[in-house]
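Visitor: Provided below for reference: sequence and predicted model.
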Protein chains: 2
Amino acid sequence: MEELTDELRASFDKVLSTLNTQAREKTESLVRSLKASLDALTDSAKAREKIDQMSSEVTADNPYSRLMALKRMGIVEDYEKIRECSIAVVGIGGVGSVAAEMLTRCGIGKLILFDYDKVELANMNRLFFRPEQSGLSKVEAAKETLVEINPDVQFETYNYDITSMESFSHFCGRLKEGALDGGQLDLVLSCVDNYGARMAINSACNEIGQTWMESGVSENAVSGHIQLMVPGKLACFSCAPPLVVASEIDERTLKREGVCAASLPTTMGIVAGLLVQNVLKHLLNFGQVSECLGYNAMKDFFSLMVLQPNPSCSDSWCLKQQELFAQKVKAEEKNRAEIGSGEVEEDLPLHAENEWNIVVEDDPVESAGQKSELNEAKHKPAEGLKFEFEPAKSSVNNDELVAGSEKDIGELMSQLDQLK
Amino acid sequence: MEELTDELRASFDKVLSTLNTQAREKTESLVRSLKASLDALTDSAKAREKIDQMSSEVTADNPYSRLMALKRMGIVEDYEKIRECSIAVVGIGGVGSVAAEMLTRCGIGKLILFDYDKVELANMNRLFFRPEQSGLSKVEAAKETLVEINPDVQFETYNYDITSMESFSHFCGRLKEGALDGGQLDLVLSCVDNYGARMAINSACNEIGQTWMESGVSENAVSGHIQLMVPGKLACFSCAPPLVVASEIDERTLKREGVCAASLPTTMGIVAGLLVQNVLKHLLNFGQVSECLGYNAMKDFFSLMVLQPNPSCSDSWCLKQQELFAQKVKAEEKNRAEIGSGEVEEDLPLHAENEWNIVVEDDPVESAGQKSELNEAKHKPAEGLKFEFEPAKSSVNNDELVAGSEKDIGELMSQLDQLK
């Protein structure tokens, strides 16, 4: 734009030299105000320079100082590792767009965005998109904003429906080969709003053994959840009924004219925040990665659960992954027994979950009380899921769903809930 | 901009009529590309039209359809009420800016923004501000973005430090007279990052009996809290030591060159979401408004507490408000006894807390178990606060702070915490 106006100015100068004083002054004044307007507008399109290396230096122009400070605070050991990570975000709506923005601001290496929808004014009650983006595809509008926020992040966008036949195989291909190094992604985030898309992500991830995280918000806008999916190790989307998701019947209702689900920027922002917080903990090895976390806005009630894989899951790839996982655990146990405990762990990469190099815990001691009972339950071979209530066909409230193996925590939580 | 280019074009046409064919073509082509660039840029500055009345109609161009759906879903009775509400946000940083955006997208009536700081690239690890806004005052940059997102909201911005003598009295004035109707605000949100500013807000709100909500994020970026403050009814900021806030010593450390606190867009987004969710519940009468909610990101642990006012609070206005509140409760009790229970409530406005028209609960029945014991504790006359641990001079962890009067919930929570 600057060059264009300079060029225009040069042409003007040539033209002006042939004009009389009055016409020259008028035209010059017009160009000046045009230039000023252009400068103001181009300023607003001016992005920051790329940054080669993350620095801890505390200066006003370092966008990473507050993130690198996590190292000095003793929270994260190697923050820079985030630049090597590649993540897919499927669904760039109220949760996915905010999740993508958080990851972008955190300086993630690469983001691949999938969505087939367009931005409309009806989306303005959620964060991220702006009214003037109406009509643009969500992935294009998102990329436009995100590149400007952080030009260090690599973006890839696909404006298609992952559940369609031809798109699905392309989608699987990008999960397998879309990372910065041409390999499999570190993580896939499901931020979609329907059962079909969740099932498609589930199938793809089960088949390629891809760790992913699911998220959802209820139709009445006041509850949500996030869930970690490690194929074979934890329940997949087919293993257990969804916690908060429109049933197929409700989806059809949603599509009826004049009916729409409620949504709030608060609930969606909170779910996106909990999701990306879990992503950061998973990628950068700090804190405890939550396996399943529910949020009820009415009471500010949060529930933590563990969902074991279902040995009679309808997804055949899930069953294969369960078998692979059991073999891996067995091999590790054998390995430990041979080498002696303590030494094996040093050989394991930090990213145990992702690569199936699972650290097996010591046999729980009978007398260690509730805490070790819980750990025991957590690491027992899968025995399927028991629900306190039969999952209904319509949306199931978080508070009503308690995994059978977690009754200690479940009981306490329900007592807590009663107290509030 | 359109007129300017048209005018420019007219001058051009005049000029061009005097030129030869080659010069004319070159100049015309320059103007065409300039025009196209201008169109693209002006498009990005194009805001949506104002909307007179919120509608439930489900159309692509209705920004309120998903919010009005809260009524059909049975969550909110009168969503439109939000347009009459006026809120001050003090501190437009990582929490305040997101809170202001959420309220703007929800269609709040009026926002008054206070901050003395400028946007810098070092803020880019949190949501909201964009790199090209660097150098602008935070309140101006925020208003620029927010007006574009929702032109139905009224904005007032003050680029000053509320703790300075001259600004403080102006600040108090805006709380008292800044609402849409010229009266007192519905709510003040504290999103500041230091003790001094919190104390200033506390003093102002105690003096004028202003309900407010406090928020904070720890220096290590992995915990935060929100707290409701109703002068006289609940603990004020002087009544109880802050839960998560830099001590004065740490603040001085922060200002030392080369040292800065860590921050994450996730934690700040979650705290902003929890804060505004609480605001919506408070303003629109749904769910349970949380009095004090803590968040620990390391374990995804959330704690709910009630903090009673301290009868020996150092703030004299807090003591006066406590007296006023006690009188109010007494008057209500007397009123109830005279008229008979059940009838009084009809005369009370929905917004009991705000106007001191407190509904007094029935005397708790001895045999009603834990739940009513808790309610009893909640509504007992204030007896000050007891802490399990002496609040340290540096940041205090949420998990370590349990109000003495809440030991049932506290015990359960600490047990829960052990389990995780």
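Guide: Arrived safely, thanks for sending. Numbers count the residues shown, from 1 in each chain, chains lettered A, B, ... in the order given.
Visitor: what about the strands in the stretch 101-250 of chain A?
Guide: A:110-114, A:154-158, A:187-190, A:212-217, A:223-229 (DSSP state E, counting those that start in this stretch).
Visitor: check contacts around the nearest residue to A:Thr157 once chain neighbours are set aside.
Guide: Excluding its sequence neighbours, the residue lying closest to A:Thr157 (CB to CB, 6 or more residues apart in numbering or on different chains) is A:Val139, at 3.8 Å. Bear in mind the C-beta positions are built from the backbone N, C-alpha and C, glycine included. By CB atoms under 8 Å, 6 or more residues apart in numbering or on different chains, the contact set of A:Val139 is A:Ile92, A:Leu113, A:Phe114, A:Asp115, A:Thr157, A:Tyr158, A:Asn159.
Visitor: if I look at A:Val139, how far off is chain B?
Guide: 18 Å (CB to the nearest CB, to the nearest Å).
Visitor: need the helices for the stretch 101-250 of chain A, in chain order.
Guide: Ranges of helices in the stretch 101-250 of chain A, per DSSP state H, counting those that start in this stretch, are A:138-149, A:165-177, A:195-208, A:248-255.
Visitor: out of these, which gets nearest to A:Pro311?
Guide: Proximity to A:Pro311, assessed across the helices of the stretch 101-250 of chain A by CB to CB, is greatest for helix A:195-208 (14.4 Å).
Visitor: just checking, what packs against the closest one?
Guide: On a contact count with 3 or more CB pairs under 8 Å, 6 or more residues apart in numbering or on different chains; DSSP states H and E, helix A:195-208 meets helix A:165-177, strand A:187-190, strand A:212-217, helix A:316-339.
Visitor: for B:Cys318, find the nearest of the helices of the stretch 101-250 of chain A.
Guide: helix A:138-149 (42.3 Å).
Visitor: and that closest one, what's buried?
Guide: A:Lys138, A:Val139, A:Glu140, A:Ala141, A:Ala142, A:Lys143, A:Thr145, A:Leu146, A:Glu148, A:Ile149 (16 or more other CB atoms under 10 Å in any protein chain shown).
Visitor: format these as JSON lines; extra columns: pLDDT.
Guide: What follows is these, written out as JSON lines (pLDDT from 0 to 100):
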{"residue": "A:Lys138", "pLDDT": "98"}
{"residue": "A:Val139", "pLDDT": "98"}
{"residue": "A:Glu140", "pLDDT": "97"}
{"residue": "A:Ala141", "pLDDT": "97"}
{"residue": "A:Ala142", "pLDDT": "98"}
{"residue": "A:Lys143", "pLDDT": "98"}
{"residue": "A:Thr145", "pLDDT": "96"}
{"residue": "A:Leu146", "pLDDT": "97"}
{"residue": "A:Glu148", "pLDDT": "95"}
{"residue": "A:Ile149", "pLDDT": "96"}
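Visitor: near chain B, which residues of the stretch 201-350 of chain A?
Guide: A:219-222, A:257-267, A:269-270, A:272-274, A:276-278, A:280-281, A:286-288, A:290, A:293, A:297-300, A:302, A:304 (CB under 8 Å from any CB of the partner chain).
Visitor: emit the ChimeraX select command for whichever of these are buried.
Guide: Per 16+ other CB under 10 Å, the buried members of those correspond to this ChimeraX selection:
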select /A:219,220,221,222,260,261,262,263,264,265,266,267,269,270,272,273,274,276,277,278,280,281,286,287,290,293,297,298,299,300,302,304
